[in-house]
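> Could you look at this predicted model? Sequence included:
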Amino acid sequence: MKRREFVASSLAAAVTALASRARAALPEDLSILSRTGKQLILTGAEVSELRAGLHGSLLLRGDTDYEQTRHIWNGAFDRHPAAIVRCADSADIVNAVQFAATHDLLVAVRGGGHSLPGHSVCEGGLMIDLAPMQRVEVDKAARVVHLDPGVWLGTMDRALQKEGFIVPAGTVSHTGVAGLSLGGGIGRLARKFGLTIDSMTGARLVTPDGKLRNVNAQENPDLFWAIRGGGGNFGIAASLEYQLHEVGPMITGGVVVHPLPRALDALRFFRDTCASLPDEAMLVAALQTAPDGSNAKIAAIVGAHCGSIEQGEAAFRPLKTFGPPVKDMIGPMPYAALNGMLDGAFPKGALNYWKAQFLTDLSDAAIRALIAGFEQCPSPMSHVIIEHFHGAAARVPLTATACTTRVTGFNVVIVSQWTDAGESERSIRWARETFASLTPFLAATRYLNYLEDDAPNAAAVAYGPNLQRLRAIKTQYDPGNFFKHNVNILPK
């Protein structure tokens, strides 16, 4: 063979070998769901393109960390996304949205993964996971905090309390602050400082067109109005900004406990006490099984007071003497500890089904119905919770933000929680039947973050009189309903 022919033959063989290795390096084609439920095929090259553009990582089935990442807080949803983008920064969010939009993919967005109706994960689509984004940046001079969308409530509380500040947000420390905020955000100090969204001063939002927009009172004010209570319908929050409030580190808080046979009297006392509470104080009542292993059913009243310790002690002295309680754990305590006190009652992976709605009034008849329902509760992990709303959160006009939880009164939450999948039918039936027994006492208002996955007319009951304005904004920014895996607002 002549030298020229030999060289040409060797080059051809090398090119063939390189091409073969390149093909072998590509991932397999990926079957994934479209936004409309159609099965699509992404080529290995397209998957590689997505992976190469990320500062974070792309997880496919079989990859290390895929199983751990796909699971969310509510174990009732055992879904398998075709792919998971683990975002390291806002650029990753933009890349993921642009890729999903180009290929018309079904998308679910996970922040803290605490979505009660399972919206944090989708079956067969693309999960955009924000959990790796954990920045908490405190600006003491401006009295604001900038948060990444993967930050949990407890992480935020610990960072802020080092500086003597809080943002009123939530009651379980492993809740994601971003998802909580987009739904409104009920916290222990909402009576003094409003809902979480009432302290939100801005956000950076990735909209369905893949643009990263500043959203605040001056820039894109229509979006700023919509994301404060409109859920994840308009984009993905790449960062959020909140006004800070001086509280702590010590406040007055804790719980008093009464045996279930005295629940009627305890809940009457709770109702009557709430009528004269100052803005600094919050009370929540619960019917639950004692966490000490005794299986005793109890009525508990949890309190938080953000004024001086002396004011808190005076305000809660009646709680400590009424009955008297069989257990009194109210006193000075760190604010961050109070916000983590219920963590053990809501463990990750437990199966959950909730029903919640405001009452017209916490009447004696409504109290009796709640007690009767709780007495039939099949799981010691389940609760009946009664939250009292008043003060700053209730004084904000209904149309000032998208959130409609602007009422004074009592919100009842039927929390059915269990671990054995074989108990699912019975546990869900208990929640539904207990909720049905409250029908004569129900008002119209429902809180977005408590809506169950099968809630009828979910958008109408969650957004109420603000729905039409929300639909107009949805039509402007998301006419194709790209962000649909939520309590969905349909474009016009």
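Thanks, I have the structure now. These numbers come from a predicted model, not from an experiment.

> shaky segments in the stretch 351-492 of the chain?
Of all residues in the stretch 351-492 of the chain, none has pLDDT under 70.

> residue boundaries of the helices in it?
Secondary structure of the stretch 351-492 of the chain (DSSP state H, counting those that start in this stretch): helices at 364-375, 392-395, 424-436, 458-463, 467-477.

> what helices or strands is the fourth one leaning on?
Using 3 or more Cβ pairs under 8 Å, 6 or more residues apart in numbering; DSSP states H and E, the elements in contact with helix 458-463 are helix 467-477. Where C-beta positions appear, they are placed from N, C-alpha and C, glycine not excepted.

> wait, what's in contact with Arg432?
If a contact means Cβ atoms under 8 Å, 6 or more residues apart in numbering, then Arg432 has Lys355 as its contacts.

> how near is it to Gly349?
Separation of Arg432 from Gly349 (Cβ to Cβ, to the nearest Å): 23 Å.

> thinking Val415 is in contact with Leu351, fair?
No: assessed by Cβ atoms under 8 Å, Val415 is found out of contact with Leu351, at 11.5 Å.

> Buried residues, stretch 96-105. List them.
Residues of stretch 96-105 classed as buried: Ala96, Val97, Gln98, Phe99, Ala100, Ala101, Leu105 (neighbour count, 16 or more other Cβ atoms under 10 Å).

> out of those residues, what pair is the most spread apart?
Greatest spatial distance among those (Cβ to Cβ): Gln98 and Leu105, at 11.0 Å.

> and the helices of the stretch 351-492 of the chain, which is most packed in?
helix 458-463 (a mean of 21; mean count of other Cβ atoms under 10 Å).

> can you tell me which of the helices of the stretch 351-492 of the chain comes nearest to Gly154?
Comparing the helices of the stretch 351-492 of the chain by Cβ to Cβ, helix 392-395 comes nearest, at 21.6 Å.

> other SSEs contacting the closest one?
helix 190-193.

> what sits up against the helix it packs on?
The contact list for helix 190-193, computed with Cβ under 8 Å, 6+ apart, reads 166, 168, 187, 196, 199, 245, 277, 279-282, 306, 389-393.

> how about a cut-off of 6 Å?
Pro168, His245, Asp279, Glu280, Met282, Cys306, His390, Gly391, Ala392, Ala393 (Cβ atoms under 6 Å, 6 or more residues apart in numbering).

> now it, how far from the chain's geometric center?
Its chain's average C-alpha position is 19 Å from that of helix 190-193, according to Cα atoms, centre = their mean, to the nearest Å.

> hey, C-alpha coordinates of it in PDB?
C-alpha atoms of helix 190-193 as PDB (Å, rounded to 0.1, in the frame of the first residue of the first chain):
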ATOM      1  CA  ALA A 190     -48.900  37.300  60.900                       C
ATOM      2  CA  ARG A 191     -51.200  39.100  63.400                       C
ATOM      3  CA  LYS A 192     -48.400  41.700  64.000                       C
ATOM      4  CA  PHE A 193     -46.600  41.800  60.600                       C
END
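
> model confidence over that helix, on average?
Averaged over helix 190-193, pLDDT sits at 95.

> Over to stretch 280-297?
95.

> Likewise for stretch 131-145?
Rounded mean pLDDT across stretch 131-145 is 97.

> one step back: let's see which of the buried residues of stretch 96-105 end up in helices.
Ala96, Val97, Gln98, Phe99, Ala100, Ala101 (DSSP state H).

> excluding its backbone neighbours, what's nearest the fourth one?
Spelled out, it's Phe99. For Phe99, ignoring the flanking residues on the chain, the nearest one in space by Cβ to Cβ, 6 or more residues apart in numbering is Leu50 at 5.1 Å.

> what about the one you found, is that helix, strand or coil?
helix (DSSP: H, G, I helix; E, B strand; the rest coil).

> Could you give the number of residues near Asn457?
Residues contacting Asn457 under the criterion other Cβ atoms under 10 Å number 7.
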